[in-house]
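Asks: Pasting a predicted model and its sequence here:
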Amino acid sequence: MLLVRKPEALDAAYIPDNLKLREKEIQAIEQAVIQPLRSGSSNVMMVYGPSGVGKTTTMKFIQKTFGDIAVLYENAIAHTSMRQVLLDSLNRLGRINPSLFLSYESIFGYLNKYQARTGKKILLIVDEARNCLRSDPEGLRIISKAHETFGTMISVIFVSIENPINFVPGITGNMGIIFSTLRFRQYDVEELYSIAMERCRIALIDEAYDEVIVRYIAGMAEQFGSARVAIELLQKAAHIAEYRNSGTIGSDDVRAARAMINPFFTESKLGELDIDELIMLWTICRCIGHGVRTNVSCVSKMLSDTAQSFGVKLRKSMNVYRVLRRLENMGLVESRIMGMGDRKGVNKVIEINDLPVSVLSEKIERLIRGIA
């Protein structure tokens, strides 16, 4: 029996006509960025918050809503420079395959021509921005001064999981950049229930769900505070119920969906890692191989060979334990002290438990090759 009548509404990329529970954030962006841009003032905003709290959906909603402004959305997960981001934006505006060596003066010259032709001011949204912000602070300074330097009326919203103040050197001091910040908080269980119920009304037939099952889904997603997890649970549970030829989603369908999804490993989290951290995570995958776990000794021994195979030079100041702690804090790996047996002492062992190592290593390798 078909329970899903509008499958696209169960996709994480779906942008509803009304974005529930992010009205305050949209209003803050409109006041700090949209309205000043309309009045002839360019601004920079830093948007940050955990994965799954609606940052990307809100940015896409803004792109969909404010038609009087040219809102350009760029996912910069594999970019390490602002120049790359701007060149991709030129492609979207119809300047096909501009040279990678195009100067900033030429890039903003093309954007000025676009503005003169369309009469639209430009809002550039740079999602997954950590790598390019961290790697290219000079590009950040150039793009923030584009109006006074090149006469280009462009505002920028940078989006990342972490507050850029924590990883962009000098951003609050000698860079001379004035910007506002907006933090997206995690959803609570009632908000997750409201979001999941709204998606049910849009996507499913009325008989497919009830309040009890939607609250069950919201409760499962609560520990992550993530609408993405709630929607993915709903999507998979609905398809599992359909496969069973059931007329309604049951609790076992939700449990089966929970076993299928992996809320910890997302492109967003991998995109927050710098090249050294990606190299180490890939080395951990390589050390684990087809086994259950590895240890710090194996990772330390293989780290340099891994970096060399990708043509990457690790920072001299890189500390294996410090990087491991960051990977743990992000939920990408787990570690613990384990006895070696036969009075051989103890060792710190590392495990990856929430995603097949082969899948994770492929994702990491694509990112490394895009950055290196």
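Replies: Alright, I've got the coordinates. Numbering: from 1, shown residues only.
Asks: what's the neighbour count on L360?
Replies: The criterion is other C-beta atoms under 10 Å. On that basis, L360 has 22 neighbouring residues. (Glycine included, C-beta is placed from N, CA and C.)
Asks: so it touches I352, yeah?
Replies: Yes. The pair L360 and I352 qualifies as a contact (C-beta atoms under 8 Å) at a distance of 6.5 Å.
Asks: Identify the contacts common to those two.
Replies: C285 (C-beta atoms under 8 Å, 6 or more residues apart in numbering).
Asks: top helix in this protein by residue count?
Replies: Longest helix of the chain, by residue count under DSSP state H: helix 227-243.
Asks: could you dump that one to PDB, C-alpha only?
Replies: Coordinates of the C-alpha atoms in helix 227-243 are reproduced here as PDB (Å, rounded to 0.1, in the frame of the first residue of the first chain):
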ATOM      1  CA  ALA A 227      15.500  18.100  12.000                       C
ATOM      2  CA  ARG A 228      17.500  16.200   9.400                       C
ATOM      3  CA  VAL A 229      17.500  13.100  11.700                       C
ATOM      4  CA  ALA A 230      13.700  13.300  12.300                       C
ATOM      5  CA  ILE A 231      12.900  13.700   8.600                       C
ATOM      6  CA  GLU A 232      15.200  10.900   7.600                       C
ATOM      7  CA  LEU A 233      13.600   8.600  10.300                       C
ATOM      8  CA  LEU A 234      10.200   9.500   9.000                       C
ATOM      9  CA  GLN A 235      11.200   8.900   5.300                       C
ATOM     10  CA  LYS A 236      12.700   5.500   5.900                       C
ATOM     11  CA  ALA A 237      10.000   4.400   8.300                       C
ATOM     12  CA  ALA A 238       7.300   5.300   5.700                       C
ATOM     13  CA  HIS A 239       9.100   3.300   3.000                       C
ATOM     14  CA  ILE A 240       9.600   0.300   5.300                       C
ATOM     15  CA  ALA A 241       5.900   0.300   6.100                       C
ATOM     16  CA  GLU A 242       5.100   0.500   2.400                       C
ATOM     17  CA  TYR A 243       7.400  -2.500   1.700                       C
END
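Asks: packing partners for that helix?
Replies: Using 3 or more C-beta pairs under 8 Å, 6 or more residues apart in numbering; DSSP states H and E as the contact definition, the elements that helix 227-243 packs against are helix 189-203, helix 211-222, helix 251-260.
Asks: these two touch, right, I107 and S81?
Replies: No. With the criterion set as C-beta under 8 Å, I107 and S81 do not qualify as a contacting pair; they are 11.7 Å apart.
Asks: Compare those two and say which is more crowded by neighbours.
Replies: Set side by side, I107 and S81 give different neighbour counts by other C-beta under 10 Å, the larger being at I107 (23 against 16).
Asks: give me the element the more buried one is part of.
Replies: Taking DSSP states H and E as the criterion, I107 maps to helix 104-118.
Asks: Identify the residues contacting that helix?
Replies: When contacts are defined by C-beta under 8 Å, 6+ apart, helix 104-118 is touched by residues 70, 83, 86-87, 89-90, 93, 95, 98, 120-122, 142, 146, 149-154.
Asks: Could you rerun that using 6 Å?
Replies: Residues lying outside helix 104-118 but in contact with it, judged by C-beta atoms under 6 Å, 6 or more residues apart in numbering, are L86, L90, L93, R95, I142, A146, F150, T152.
Asks: Among these, which one has the most neighbours?
Replies: L86 (27 neighbours).
Asks: quick revisit: could you give the angle of the longest helix of the chain to helix 189-203?
Replies: 50 degrees (axes from the mean of the first three to the mean of the last three C-alpha atoms, to 10 degrees).
Asks: Strands along the stretch 1-150 of the chain, start to end?
Replies: 44-48, 70-75, 122-127 (DSSP state E, counting those that start in this stretch).
Asks: how close does the residue nearest to D210 when sequence neighbours are not counted get to Y321?
Replies: Sequence neighbours aside, T248 is the residue nearest to D210 in space, at 7.4 Å (criterion: C-beta to C-beta, 6 or more residues apart in numbering). To Y321, T248 is 50 Å away according to C-beta to C-beta, to the nearest Å.
Asks: which of the two has more neighbours?
Replies: Taking neighbours as other C-beta under 10 Å, T248 and Y321 compare with T248 leading, 16 against 10.
Asks: and G331, which of the three is it?
Replies: coil (DSSP: H, G, I helix; E, B strand; the rest coil).
Asks: Where does L281 sit, in terms of helix or strand?
Replies: Counting by DSSP H and E, the element that carries L281 is helix 275-288.
Asks: Show the average pLDDT along that helix.
Replies: Mean pLDDT, computed over helix 275-288, is 94.
Asks: Can you give me the buried ones in the longest helix of the chain?
Replies: Residues of helix 227-243 classed as buried: 227-242 (neighbour count, 16 or more other C-beta atoms under 10 Å).
Asks: Just to be sure, the residue nearest to D210 is in a helix?
Replies: No. Checked against three-state DSSP, T248 lies outside a helix; its state is coil.
Asks: returning to what we had before: which ones among the contacts of helix 104-118 lie within helices?
Replies: Taking DSSP H, the ones among the contacts of helix 104-118 that sit in helices are L86, L90, I142, A146, F150.
Asks: For the residue nearest the centre of the chain, identify the helix or strand it belongs to.
Replies: Compute the mean C-alpha point of the chain, and by C-alpha atoms, centre = their mean the closest residue is S268, 2.9 Å away. Following DSSP H and E, the helix or strand that holds S268 is helix 267-271.
Asks: Would you mind writing the CA trace of that helix as CSV?
Replies: What follows is the C-alpha trace of helix 267-271 in CSV, where atoms were taken according to Å, rounded to 0.1, in the frame of the first residue of the first chain:
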residue,chain,number,x,y,z
GLU,A,267,29.2,15.6,4.7
SER,A,268,28.9,18.7,6.9
LYS,A,269,31.1,17.2,9.6
LEU,A,270,33.7,16.0,7.2
GLY,A,271,33.7,19.4,5.6
